[in-house]
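>>> next input, structure requested:
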Amino acid sequence: MAMLKAPLTPFDHRMGDDDAPVVLVEYGDYQCPFCAAAQPVVRELMRNFGRDLALTFRHFPLSEVHPQAEVAAEAAEFAGAHGAFWGMHEALFANQFRLSLPVIFALAGSLNLSQAALRDALTARTYADKVRTDFIGGVRSGVNGTPCFFINGLRHDGAHTFSALAMAISAARPVTAPEQLNHDRARP
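Predicted coordinates for the structure are as follows:
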């Protein structure tokens, strides 16, 4: 089983409790239909596991197959620099079948982000290094397609269904000894 070789950093986009016992890392591509299909599953996992699960998304644009994936990833990073990563993330997936520069600019505008500043960032490739770092970390970790999930550092090679991922996440949660549970319940 492959291991996550690129450790989590403060530059990663994380959703969920910082103290969550399980971290789900997703390598994805904004034009990948399988990634888009996995997003409702990921949202349901986050709702179901609550504070026990945190999500980190990393870019793995398959640019040869998906020509807008890299620019979409850079646009998501631009949004992240302005506190709107997850909003852009959701919007890009919701609009993946019509992704183009005009659509990406319109999505930025709908999130109250400066379209002119986004244009400048894309022209200057301001966020290309972050996207490339994510991609290289994925390659080093054995990512060879998207979506690719890691649960507490171990690659999930099963299906991307709710039940398969939920079972793997449940198995990754630390087991609390019965005596510890009783001790915790006795506390005032």
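>>> for whatever helix or strand T56 lives in, enumerate the helices and strands it packs against.
Using DSSP states H and E, T56 maps to strand 53-59. Helices and strands touching strand 53-59, by 3 or more CB pairs under 8 Å, 6 or more residues apart in numbering; DSSP states H and E, are strand 13-15, strand 22-28, helix 33-49, helix 69-81, helix 128-140. Where C-beta positions appear, they are placed from N, C-alpha and C, glycine not excepted.
>>> would you mind giving those as a markdown table with mean pLDDT added?
Listed next are the helices and strands packed on strand 53-59 as a markdown table, based on pLDDT from 0 to 100:
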| stretch | mean pLDDT |
| --- | --- |
| strand 13-15 | 96 |
| strand 22-28 | 98 |
| helix 33-49 | 97 |
| helix 69-81 | 98 |
| helix 128-140 | 98 |
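>>> any chance of CSV for these, columns distance to A94 and mean neighbour count?
As requested, these are exported to CSV (distance: least, CB to CB, whole Å; neighbours: other CB atoms under 10 Å):
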stretch, distance to A94, mean neighbour count
strand 13-15, 17, 18
strand 22-28, 14, 24
helix 33-49, 8, 16
helix 69-81, 12, 24
helix 128-140, 20, 18
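>>> next, format those as CSV and append distance to T56.
Shown next, in CSV, are these (distance: least, CB to CB, whole Å):
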stretch, distance to T56
strand 13-15, 5
strand 22-28, 5
helix 33-49, 11
helix 69-81, 12
helix 128-140, 10
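>>> tell me the contacts of the residue nearest the centre of the chain?
Nearest to the mean C-alpha position of the chain, counting by CA atoms, centre = their mean, stands F57 at 1.8 Å. Taking CB atoms under 8 Å, 6 or more residues apart in numbering, we find F57 in contact with D12, H13, M15, V25, E26, G28, H89.
>>> now, which of those residues sits nearest F150?
V25 (4.2 Å; CB to CB).
>>> in contact with that closest one, which residues?
Contacts of V25 by CB under 8 Å, 6+ apart are L4, L8, L55, T56, F57, R58, F149, F150, I151.
>>> the same query, at a cut-off of 7 Å, please.
L4, T56, R58, F149, F150 (CB atoms under 7 Å, 6 or more residues apart in numbering).
>>> confirm for me that the fourth one is in contact with E26.
Yes - the pair F149 and E26 qualifies as a contact (CB atoms under 7 Å) at a distance of 5.5 Å.
>>> poorly predicted segments of this structure, please.
The model of the chain has pLDDT under 70 over residues 175-188.
>>> 80 instead, please
1, 175-188 (pLDDT under 80).
>>> next, give phi and psi for the closest residue to E44 other than its chain neighbours.
Closest residue to E44 apart from its sequence neighbours, by CB to CB, 6 or more residues apart in numbering: F162 at 5.5 Å. When read as degrees, to the nearest 10, the backbone of F162 gives phi -60, psi -50.
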